[in-house]
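[1] my questions concern the predicted model and sequence given below.
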2 protein chains.
Amino acid sequence: MAEQERDDSGGLVRLLPVRATPPSLNDNTGDWERLQRAVERDLGAAAASLVVPWRRAAAVAAAFRENGFAGVAVLNEEPGRLELVDLLPAMPACLPVMALDLGTTHLEAVLLDLVSGRELARATRKNSQLEFGEDILSRIHFATVESGLQRLQQAVLADINALAAQLAAAAACQPATIRALAVAGNTAMGHFLLGFDPYHLCREPYIPQVNDPPPVAAAELGLAIHPAAPVRVLPGVGAYFGGDLLAGIVACDLDLAAEPTMLIDVGTNAEVVVGCRDWLVACAGAAGPALEGGVAKMGLRAGPGVVERVKIAADTGEIACQIIAAADGSVPPAKGICGSGMIDLLAELFKTGMVDIRGKLQAERLGHNLWQTPDGPAVVVVPAGEAADGEPVVVSQLDIDALMRSKAAMYAILGTLMEQVGLPFTELGRIHVAGAFGRHIDPQQAVTIGMIPDLPLAVYQPLGNSSLAGAQRYLREAAVRRRIGEVARKITYIELNVNHDFMIRFSGSRFIPHTDRSLFPSVPYQLPGREASDHDNSNPAPTVNDD
Amino acid sequence: MAEQERDDSGGLVRLLPVRATPPSLNDNTGDWERLQRAVERDLGAAAASLVVPWRRAAAVAAAFRENGFAGVAVLNEEPGRLELVDLLPAMPACLPVMALDLGTTHLEAVLLDLVSGRELARATRKNSQLEFGEDILSRIHFATVESGLQRLQQAVLADINALAAQLAAAAACQPATIRALAVAGNTAMGHFLLGFDPYHLCREPYIPQVNDPPPVAAAELGLAIHPAAPVRVLPGVGAYFGGDLLAGIVACDLDLAAEPTMLIDVGTNAEVVVGCRDWLVACAGAAGPALEGGVAKMGLRAGPGVVERVKIAADTGEIACQIIAAADGSVPPAKGICGSGMIDLLAELFKTGMVDIRGKLQAERLGHNLWQTPDGPAVVVVPAGEAADGEPVVVSQLDIDALMRSKAAMYAILGTLMEQVGLPFTELGRIHVAGAFGRHIDPQQAVTIGMIPDLPLAVYQPLGNSSLAGAQRYLREAAVRRRIGEVARKITYIELNVNHDFMIRFSGSRFIPHTDRSLFPSVPYQLPGREASDHDNSNPAPTVNDD
């Protein structure tokens, strides 16, 4: 998203100063047609496709007349045509538009100014649909009950309206001045927002009702931004490959890359794309929950008071934690652990021999860090005395098992994808890692547990919220809007749910770092306590119990 | 509107049978995109512009799936694109669409079947806006008072809904099955229907807010036909030159004529076009009221019980009337006189010397036909004993004066227009006369009073409701939709309200047949009683009192 690449004239909404000769007895052109001709003079080739929506025609024509047959036309780029939706008396100082990452658990939005290109405000909000289902599958089920889909839709519309109000307040403007909304989200969230039936998304062969949603005006959808604001839900490629990932692809210019490049986005699912300007292959699979705070009992999203880094002293076995500070710089007592903290913890437990290569807690090595709970053994990450509300932060064997499945799924997804494209990992010049996962994890630790391939650490590049970044570029750059469509057409999507190669790879990946240790040369073989679990290595199970 | 010219494939709404391979794990195309691709295969060049309106996407995709990924797509032709708005399980036997002539006093509609091309039903209805103003000017004034425009709009929407219900009942279908509506009306009526501000229509320089209205869906406008039915108000050229006249031009193929041809449409205004495939010139003026039943005290629109023909015996002075029969063939007692009856009457009065060349009643010639009223002299057309409710049908001097102004305006309009295009009347190979006026008048009598030029009678061709005929062709023929736009662009409109030549011609035309008798060689000079008014001819007043 380099500044020099931004094309201000390519905004989804454009401003065009216009002036026309006033009507006379020799020129009885209608007020709307007078404006139309004045705009067409400046548009060149695009002129033939200029239209005014019926709902806007009277207001636009009246404003043009009131303003002495001059003003600034507001033009929305629609598929195959330009819609003139407003006529302002003068060039506005600011043209706010909203980009939204519509996540399953959180919504994150940015208010952009298309005039200056600046970010005006940023806001996040929990997805109110959580009330109807924690995960996408339960919401899809909820959508099938009477008025369920409508309630899901109303919830997300209310969330967007609340975010718009929040952004507008922060930018000292009115929500009604927001002139466009670009939404990047997974396919199910897009269906909920637009009222499309998600029933077949989770049923083989996993077909969306709509992959490339038609544009809709804010007023028609029920959004409290400018009534004529175009609402664009970015296209997806399949049930498990939504507009959020397409947004990510264009956000990191993967579709323009000269050499093979990878994008990993871990949210509720792990979604992975590999490709370059010539080809793109993608797949997605359930690998995320343990990393998103959805599975571990103490698991939380990264935020103040959450453990994000863990270090275990090889000699004393002392566990030291880094806790995310609050906005004011103070560090609150620990109340949970996020995905990057979990990965750190597992890597450190492995390096100190406190777990074996199956990820099983080793009681004799853990010592005082071990805590027996009714559900089985657990490791105390932050003792009660240092934790919030006197509640120790513990990670149980069950939590670690979940993480083991996630990391195995992740590595299997990456391996399966590379197998499909016929390239070794070493051919990848860059791996963009999106989201909180990319921002917070230590790639070395993720390599240690065998979650991601053992490549030079500089290959891994954190990307931030690539879905939101892509939505912002979608609003600002005509080239990105064109590219999104091209990417959707040229990408090949591999369905992992029915992929045999994936299942084999998944099994081999359920060890730390892997059954095939040659894949992870940088991970030391001789670890403290290794001798205690040597039998594991001598007997690499082709399958493991799914405990 | 010859049958061989109709192009069924060119309907504003099209049906396209489609079938697609069902989804599989190897083909995760979305349901909508699957339908889109199936339609695009059959569309050829038009495929690139295929869209689905957001409101229809879910229903269309669901219907396609329910029907086993086959069916019949319903496509609306929109400016620059095709909208897929429905998916039917099978080819329907009938595709009803509605054409409407939106008149100031009456609405006339036809229900067409786009499958067979047949007319299914026809209906007329009084314009409910009459409650808010008899004529357009008073309604434009009413529109400026609070919520006036809304009330006018609601009135006409209710009228259209009532007509749709009436047509559907006659065709044994539901109004919701009507898939399109084309409306031809004057510019003010178009503004009222679409909620455009008509304020400047009647104020110099007479500018419409919108000349070429954008399309709108029935549901959006509030019409109770199919919600996705496109509502198209045909474009106009100016405040006094609406879509009704453009419809008339294409209805008689004037824009395709090899030789100069004229179209006269007398409604509330007289609207006249002259031209051929190379050029078109038009003008309009107030000439109609006396002919439409709006001015004469006994004036009515043509209908049962109305005098449409008058004959006066040269020897006895007896007035014989032809009265329009009822639907059952019976002839009711006379209750009024229509425009054609008025023209007949004036021609007969002139030929028998009962009026002079100024149109003044001659008491000594009228004899027992004369009736003195508090408002002045009148002629008894049907005596009380033969008339409805014992009320004689009388035409007063005031009524005749109004007709004299109308006929003068008409001839002046025609003359001014021909002067502008630099051709004599004799160059016109054909004159199409639209509406009730064209259907009912006897051209010979209209020539006699100097209302229309003295040409061979075969030149005059009645055209019927050309506005309605044009709207029907607009629905059926892609070529006509294209031509309407071309006509709107190439027509030159002359504003008579400020035309000096017109005013001079108007004065000369306020005599029977004209001050310049050489213009009317077929009208006999020596008439009974002519000698009594010779002084008029010897003193042809350059201006007359506007009594």
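    Done, it's in.

[2] can you give me the helices in the stretch 251-400 of chain A?
    A:289-292, A:339-351, A:363-366, A:397-421 (DSSP state H, counting those that start in this stretch).

[3] oh, I was asking about the stretch 401-547 of chain A
    A:435-440, A:443-448, A:466-476, A:478-490, A:500-508, A:534-538.

[4] distance of residue A:197 from chain B?
    Remark: distance between residue A:197 and chain B (Cβ to the nearest Cβ, to the nearest Å) = 6 Å. C-beta coordinates here come from the backbone N, C-alpha and C atoms, glycine included.

[5] which residue is the nearest non-sequential neighbour of that residue?
    Nearest non-adjacent residue to residue A:197, counting by Cβ to Cβ, 6 or more residues apart in numbering or on different chains: residue A:209, 5.1 Å away.

[6] so who does the one you found touch?
    A:191, A:196, A:197, A:198, A:200, B:30, B:31, B:32, B:57, B:58, B:61, B:62 (Cβ atoms under 8 Å, 6 or more residues apart in numbering or on different chains).

[7] likewise for residue A:309?
    Here residue A:309 is in contact with A:321, A:322, A:340, A:341, A:344, A:442 (Cβ under 8 Å, 6+ apart).

[8] buried set for stretch A:380-400?
    Residues of stretch A:380-400 classed as buried under the neighbour-count rule (16 or more other Cβ atoms under 10 Å in any protein chain shown) are A:380-383, A:387-388, A:392-400.

[9] picking up where we left off before, distance to chain B added to the helices of the stretch 251-400 of chain A, as TSV?
    What follows is the helices of the stretch 251-400 of chain A, written out as TSV (distance: least, Cβ to the nearest Cβ, whole Å):
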stretch	distance to chain B
helix A:289-292	23
helix A:339-351	29
helix A:363-366	45
helix A:397-421	14
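
[10] dump the ones you listed into CSV; add mean pLDDT as well.
    As requested, those are exported to CSV (pLDDT from 0 to 100):
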stretch, mean pLDDT
helix A:289-292, 50
helix A:339-351, 93
helix A:363-366, 91
helix A:397-421, 92
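
[11] which one of these lies closest to residue B:67?
    Nearest to residue B:67 among these is helix A:397-421 (34.8 Å), distances taken as Cβ to Cβ.

[12] list the buried residues of that closest one.
    For helix A:397-421, the neighbour count (16+ other Cβ under 10 Å) marks A:397-418, A:420 as buried.

[13] for stretch A:77-90, same thing?
    A:77, A:78, A:79, A:81, A:82, A:83, A:84, A:85, A:86, A:87.

[14] neighbouring contacts of that stretch?
    Residues beyond stretch A:77-90 that count as contacts (Cβ under 8 Å, 6+ apart) turn out to be A:12-15, A:18, A:35-36, A:39, A:43, A:46, A:49-53, A:56, A:59-60, A:63-64, A:67, A:71-76, A:214-215, A:226, A:228, A:230, A:478, A:481, B:48-49, B:51, B:79-81.

[15] indicate whether the helix or strand harbouring residue A:63 makes contact with chain B.
    Take DSSP states H and E as the rule and residue A:63 turns out to sit in helix A:54-66. Yes. Helix A:54-66 reaches chain B (Cβ under 8 Å from any Cβ of the partner chain) through A:54, A:55, A:57, A:58, A:61, A:62, A:65.

[16] residues contacting the fifth one?
    With contacts defined as Cβ under 8 Å, 6+ apart, the neighbours of residue A:61 are A:30, A:31, A:32, A:35, B:196, B:197, B:209, B:210.

[17] so the fourth one touches residue A:18, yeah?
    Just to be clear, that refers to residue A:35. Yes. Between residue A:35 and residue A:18 there is a contact under Cβ atoms under 8 Å: 6.6 Å.

[18] and stretch A:151-163, anywhere near chain B?
    No. If you take Cβ under 8 Å from any Cβ as the test, stretch A:151-163 misses chain B, and the best it gets is 10.9 Å.

[19] looking at the contacts of residue A:209, state which has the most neighbours.
    residue A:191 (31 neighbours; other Cβ atoms under 10 Å in any protein chain shown).

[20] okay but it is in contact with residue A:202, surely?
    No. At 11.1 Å, residue A:191 does not count as touching residue A:202 under the criterion of Cβ under 8 Å.
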